[in-house]
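Asker: What follows is a predicted structure for the sequence shown.
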Amino acid sequence: MFYKIEKIADNTYRFDENGRANCYLVVGQEKALLIDGCWGVGDLKQTIKEITDKPIIAAATHRHPDHTSGLRQFEEYYVSEKDDTKYNRRLENRLFGMAVVLAEKQKICPYHNRKMVNTLPLNDGDVFDLGERSIEVKSIPGHTVGSVMFLDHNQKLMFTGDDVNPRLWMQGNGATTLEEWKIGAQTVLNYMKQDYVAWIGHLDGRQTYEQLSEIYRLVQEIIDKKKNGILTQKDSPYPKEGVVPAIRFKYNRII
């Protein structure tokens with residue numbers, strides 16, 4: 001089995017794709033929700049079958065290949081239409097995914113050659129009913145304009161993708177300004193104050209209130225320095241390369 005599986009709550013699992021990315025499986029009484037699909041290096045579909053045989057709904061926090069390439073193994077998945085851009089579709093080029101598969105010394109499977117599957121619209125306020133377990137979608141634009149998080153209000157869990165990643169990438173095409181990012185980040189912080197536990201798309205998956213508060217503070221520093229004329233593009237990543245947390249940004253996408 002390629003993926004490392006960690007049970008993080010009742011009927012809730014984190015799949016670690018050899019340190020490259022995380023995806024999450026949320027199991028209800030009738031269905032299961034797969035949140036993101038990583039690069040799809042391993043046989044994700046078979047790995048899920050070792051946990052549950054319930055029908056799978058696949059959805060993505062945002063449309064980047066380290067979260068959607070693995071969803072080629074399914075017939076369709078939900079994602080925000082705001083992320084349906086030429087730039088993101090180019091990133092989903094199957095050659096990128098196959099390069100990652102080869103880098104992990106894994107065998108190329110038929111689904112790696114598959115074009116991206118059908119996507120279904122995902123909107124703020126949507127609810128997935130899994131059978132005695134409901135997951136709400138909340139829009140948090142930032143890392144991409146279509147970034148969303150998934151909320152399990154009963155177990156106080158939230159799955160935030162890359163939007164509050166401690167290695168925060170805001171330099172890509174399709175990212176919002178840092179000023180706009182703050183709105184979604186504040187939403188996540190507000191849930192954390194209510195004892196919700198956040199799970200992110202990379203590293204060991206864990207996000208703490210203290211860590212996100214520090215990321216928020218650094219973003220505010222960048223904004224303030226831009227307004228005061230003491231910031232340049234060379235200051236990305238901020239505060240410096242090789243530290244965590246750090247923010248990568250475009251100078252013209254700050255405010």
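Answerer: Good, I have the coordinates.

Asker: any idea where the strands of the stretch 51-200 of the chain begin and end?
Answerer: 56-59, 76-79, 118-121, 127-129, 134-139, 148-152, 157-161, 167-170, 197-200 (DSSP state E, counting those that start in this stretch).

Asker: Check which helices and strands the last one sits against.
Answerer: Put plainly, it is strand 197-200. strand 22-27, strand 157-161, helix 178-193, strand 206-207 (3 or more Cβ pairs under 8 Å, 6 or more residues apart in numbering; DSSP states H and E). In short, each C-beta sits where N, CA and C put it, glycine included.

Asker: Could you point out which of the ones you listed sits nearest Gly125?
Answerer: helix 178-193 (13.2 Å; Cβ to Cβ).

Asker: Now do the closest one, average pLDDT.
Answerer: When pLDDT is averaged over helix 178-193, the result is 98.

Asker: can you list the weak-confidence ranges in the stretch 101-250 of the chain?
Answerer: Applying pLDDT under 70 to the stretch 101-250 of the chain picks out no residues at all.

Asker: Quick check, pLDDT for the residue nearest to Ala32 when sequence neighbours are not counted.
Answerer: Leaving aside its chain neighbours, Ala32 sits nearest to Lys54 (4.8 Å; criterion: Cβ to Cβ, 6 or more residues apart in numbering). At Lys54, the model reports a pLDDT of 98.

Asker: Leu91 too?
Answerer: At Leu91, the pLDDT value in this model is 89.

Asker: What count of nearby residues applies to it?
Answerer: As a burial measure, Leu91 scores 18 neighbours (other Cβ atoms under 10 Å).

Asker: Show the contacting residues for the residue nearest to it when sequence neighbours are not counted.
Answerer: In space, and not counting its chain neighbours, Leu91 is closest to Pro65: 5.0 Å by Cβ to Cβ, 6+ apart. By Cβ atoms under 8 Å, 6 or more residues apart in numbering, Pro65 lies in contact with 39, 91-93, 96-97.
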